[in-house]
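Undergrad: One predicted model, sequence on top.
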Amino acid sequence: MVVKKIVAHLKWFFAVIPLGLIAIITSPIMVIPAWFFAFLGKYNPFWFWLDDEILSEESNADWLIYKESKGMFAWYIWHAFRNSMWNAKELLKPENARLNCKYNNEEIHQIIYNDLTNDGKPISIHGDCISMAGYKWIDKNGNEGWQVFSGDYVSKKYSIIGRSVLWYYANDKLYYRHSVAKEIMLFGKKYYFEFKMGASEKRYLLILKLKKCKIYISQKKNF
């Protein structure tokens, strides 16, 4: 079992660290020729710097919300920073044993820690919907939901708070999943802290976010 865990961490490392650094360094420039030759599809020599998921109605829900929120530069920001070299990363993704919120064939091997809650209530890590700690947001247009990943104010209704660390099997392959979302104090100020590492049902993860807390005030008017 120790060997399997070492192999799992090595797969994560090579998929995230070397490729992640290449993506960070090259994407702000390479997405420009990638866009120019996009009409070539997978024959595009710069295809690795694109995200083909935004082209499909089955996988572009996040992109549509993001595009509405970010405006005219959304395509560039998405490919250069948010989902940099996404097509290349898709070639190194982990095994998938679930279709989110429809079925879950993952087998939990070991729960190291779990105290996840949503809207103040404990949630299961065994359900059809994948449960990982993470903040969801209310964007500038008032959009709020499971697929709103950026904004000025945290959505209490959709955020999953706490910490979860576990090992699981997907199609007989062992994977590690670690996620944290909590409020922390730093230099006398309160921040939203989010950390994800390991594998989701879609890709290998390494996410670290820190954002200053803001209190959401409803914009509804009384007449």
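TA: Everything's here; your move. Nothing here was measured: the structure is a model prediction, and the numbers come from that model.

Undergrad: Scan this protein for its longest helix.
TA: Determined from DSSP state H, the single longest helix within the chain is helix 2-36.

Undergrad: Residue 108 contacts residue 168, doesn't it?
TA: Yes: judged on C-beta atoms under 8 Å, residue 108 makes contact with residue 168 at a distance of 5.2 Å. Every C-beta, even on glycine, is put in place using the N, C-alpha and C of the backbone.

Undergrad: Is residue 147 in a helix, a strand, or coil?
TA: Here residue 147 is recorded as coil under DSSP: H, G, I helix; E, B strand; the rest coil.

Undergrad: And it, how close does it get to residue 10?
TA: 32 Å (C-beta to C-beta, to the nearest Å).

Undergrad: and those two? which has more neighbours close in?
TA: The neighbour count for residue 147 versus residue 10, taken as other C-beta atoms under 10 Å, is higher for residue 147 (13 against 10).

Undergrad: which residues does that one contact?
TA: Going by C-beta atoms under 8 Å, 6 or more residues apart in numbering, residue 147 touches 61, 62, 65.

Undergrad: Quick check: it vs residue 130, distance?
TA: 13 Å.

Undergrad: Ok, residue 162 next?
TA: Residue 162 is 15 Å from residue 130, by C-beta to C-beta.

Undergrad: about what we covered before: between residue 108 and residue 168, which one's more packed in?
TA: The neighbour count for residue 108 versus residue 168, taken as other C-beta under 10 Å, is higher for residue 168 (19 against 13).

Undergrad: How confident was the prediction at that one?
TA: What the model reports for residue 168 is a pLDDT of 96.

Undergrad: hmm, back to that, residues that sit against both of residue 147 and residue 130, list them.
TA: By C-beta under 8 Å, 6+ apart, no residue touches both residue 147 and residue 130.

Undergrad: Run through the strands of this structure in chain order.
TA: For the chain, applying DSSP state E gives strands covering 98-99, 103-104, 107-114, 117-118, 121-122, 137-138, 153-154, 160-170, 173-186, 189-199, 204-212.

Undergrad: So in that sheet, which strands flank the fourth one, and in what orientation?
TA: Sheet pairing of strand 117-118 (DSSP bridges) gives strand 121-122 (antiparallel), strand 160-170 (antiparallel).

Undergrad: which other residues reach it?
TA: For strand 117-118, the external contacting residues (C-beta under 8 Å, 6+ apart) are 123, 158, 159, 160, 161, 162.

Undergrad: same check, this time on the second one
TA: With C-beta under 8 Å, 6+ apart as the contact definition, strand 103-104 has outside contacts at 97, 98, 126, 127, 128, 130.

Undergrad: name the helices or strands packed onto the worst-scoring helix or strand of the chain on mean pLDDT?
TA: None of the helices or strands of the chain scores lower by mean pLDDT, DSSP states H and E than helix 61-70, at a mean of 82. Here helix 61-70 touches helix 74-77, going by 3 or more C-beta pairs under 8 Å, 6 or more residues apart in numbering; DSSP states H and E.

Undergrad: Centre of the chain to the helix it packs on, how far?
TA: The chain centroid and the centroid of helix 74-77 are separated by 17 Å under C-alpha atoms, centre = their mean, to the nearest Å.

Undergrad: I'd guessed residue 110 sits against residue 167; true?
TA: Yes: between residue 110 and residue 167 there is a contact under C-beta under 8 Å: 4.4 Å.

Undergrad: Of all the residues in stretch 146-155, which ones are buried?
TA: Within stretch 146-155, the residues that count as buried by 16 or more other C-beta atoms under 10 Å are 146, 148, 149, 150, 151, 153, 154, 155.
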